[in-house]
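Undergrad: Fold the stuff below for me.
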Amino acid sequence: MKIKLVFIAFMTLLAAHSQSELSSDSKYSVEYYCPPCGCPDDGTIFQSSGVCASCNMAYLTRVKGLEEKPSNNAPRRTAAILLFDYADIMDVTGPMSVFEHAGFNVVTVAKDENPKRIGMYTSLTPDYTFSNLPTVDVIMVPGGGPAEANQDMDIVNWLKAKDETTDTMFSVCSGAFYLALAGILDGKEATTFASLIPILKEQFPKVEVLNNVKYTNNGHVITSSGLSSGIDASFEVVAKYYGVGRAQDIANRMEYPWKRRNDYARTQLADNYIVGLNNLIRRFATKYTYSEGDMNEWEYRFILWSEVDSKDFMNLIKTEIEKLDGFIKGKKGQAYVEAEIEHDALGKGIIELNISKEGEETQVSLKAQRLQPISF
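TA: Okay, here's the model as predicted:
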């Protein structure tokens, strides 16, 4: 037994020695470190992969033994965010946040050096003016009321002048109107805020305006539909320079569900059949209890005010449905109204309103469904 124990101990030491030799002779070794972010652990070397206890960011790695490997680090990009009074705040700050998390150098630019009112309550002072902005990789044009009508032609002319020297021209929401006026969208796919798509299409017949995408990517020009869609399109810009993998990693770190070009289009949701009726029924309701659906069907539910005359309410809804553009035919019972309708963007669909008693409350269900379901 004693000899056996000595033998086991010897073999254990031999294995440890062999492993030590193997480790010391290994061609590669790894260091883990916190991404430079200003936290107390900046510069600290860790022995294994993990998450920094100070900033909660995953460690980066350095591998010794790969010194001769050609660098594949992409150069740092610069994005300029255009500012003008009453630009929409989400159009401005959504892309700004994505670009910042992606490591872009983010600057702002405006017609002059005066602070600009962004949204209703925020004021931003531009870093540069049209006259002194250095060359940048991306110019992002937000939307907002001033982008939709009576546009500032100084902005349009500046965009036209910058187009040839800027790698990516990027619009969010109604910012597409600025690019269209500058001729930058001619012959290209584009989109904009859902309700403005017919106007963009009518005003700029040389532009291929799409109503079934979240954003478009023509390489040089990227346009997004409304508001939060600018965040998704910003990841598309990041992917152009750093790859889809890195863009998705950044989205994950931001805890944002990046939707791609065909994942969502506001104009294609089935609620577009009944959004006007929704606004009408809410006038009679005390509670708006449900709204859910997708591109093929949607349902709203409401609780009616107790003093509403149900019979007169149903007759009114029937009349208003018959007045809808695209109304084809309909029928009515004591507790329901049903109609077939043709929608410009969605095609033929069925609208159905039902009224029922739930205890002391009167519940209204308003549904819409495509007759020809679609999927992207």
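Undergrad: And the strands in the stretch 251-376 of the chain?
TA: 285-293, 297-304, 327-332, 336-343, 347-358, 361-370 (DSSP state E, counting those that start in this stretch).
Undergrad: same thing with the stretch 51-200 of the chain?
TA: For the stretch 51-200 of the chain, applying DSSP E, counting those that start in this stretch gives strands covering 60-64, 78-82, 105-110, 116-118, 122-124, 128-129, 138-141, 168-171, 189-190.
Undergrad: List the residues that contact the closest residue to residue 271 other than its chain neighbours.
TA: Distance criterion Cβ to Cβ, 6 or more residues apart in numbering; nearest residue to residue 271, sequence neighbours excluded, is residue 298 at 4.1 Å. C-betas here are computed from N, CA, C, even on glycine. If you count contacts by Cβ atoms under 8 Å, 6 or more residues apart in numbering, residue 298 has them with 269-271, 273-274, 291-292, 367-369.
Undergrad: Recalculate using a threshold of 10 Å.
TA: By Cβ atoms under 10 Å, 6 or more residues apart in numbering, the contact set of residue 298 is 269-275, 278, 291-292, 349, 366-370.
Undergrad: Select only the buried ones of those residues in PyMOL?
TA: What follows is the PyMOL syntax for the buried subset of those, where burial is set by 16 or more other Cβ atoms under 10 Å:
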select buried, resi 269+270+271+272+273+274+278+349+366+367+368+369+370
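Undergrad: okay, now the residue nearest to residue 322 when sequence neighbours are not counted: neighbour count?
TA: Spatially, and ignoring its direct neighbours in sequence, residue 322 is nearest to residue 330 (6.3 Å; Cβ to Cβ, 6+ apart). Each residue near residue 330 was counted by other Cβ atoms under 10 Å, and the total is 16.
Undergrad: cool, and the one 3 residues further on?
TA: Here the number of neighbours of residue 333 (other Cβ under 10 Å) works out to 9.
Undergrad: so where's this protein shaky on pLDDT?
TA: The chain contains residues with pLDDT under 70 at 1-25, 72, 376.
Undergrad: make it 50
TA: Within the chain, the stretches with pLDDT under 50 are 5-23.
Undergrad: need the strands of the stretch 251-376 of the chain in a markdown table with distance to residue 147, can you?
TA: Formatted as a markdown table, the strands of the stretch 251-376 of the chain follow (distance: least, Cβ to Cβ, whole Å):
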| stretch | distance to residue 147 |
| --- | --- |
| strand 285-293 | 29 |
| strand 297-304 | 29 |
| strand 327-332 | 34 |
| strand 336-343 | 27 |
| strand 347-358 | 30 |
| strand 361-370 | 31 |
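Undergrad: out of the strands of the stretch 51-200 of the chain, nearest to residue 286?
TA: For residue 286, the closest of those is strand 122-124, at 34.9 Å, according to Cβ to Cβ.
Undergrad: Out of the strands of the stretch 51-200 of the chain, which is closest to residue 37?
TA: Judging the strands of the stretch 51-200 of the chain by Cβ to Cβ, what sits closest to residue 37 is strand 60-64, at 10.7 Å.
Undergrad: For that closest one, which strands pair with it and how are they oriented?
TA: Strand 60-64 has the following sheet partners, assigned by DSSP bridges: strand 29-33 (antiparallel).
Undergrad: sorry, back to before: report the beta-bridge partners for the residue nearest to residue 322.
TA: residue 339.
Undergrad: Looks like it contacts residue 320 (just checking).
TA: No. Taking Cβ atoms under 10 Å as the definition, residue 330 is not a contact partner of residue 320, at 11.1 Å.
Undergrad: Now for the two: what residues contact both?
TA: Contacts common to residue 330 and residue 320, judged by Cβ under 10 Å, 6+ apart, are residue 337.
Undergrad: Can you give the distance from stretch 172-183 to the centre of its chain?
TA: On the basis of Cα atoms, centre = their mean, to the nearest Å, stretch 172-183 sits 18 Å off its chain's mean C-alpha point.
Undergrad: Span of it from start to end?
TA: 16 Å (Cα to Cα, to the nearest Å).
Undergrad: Could you list the buried residues of it?
TA: In stretch 172-183, counting by 16+ other Cβ under 10 Å, buried: 172-182.
Undergrad: circling back to that earlier point, closest to residue 67 among the contacts of residue 298?
TA: Set against residue 67, the nearest of the contacts of residue 298 by Cβ to Cβ is residue 269 (53.5 Å).
Undergrad: Nice, that's everything, thank you.
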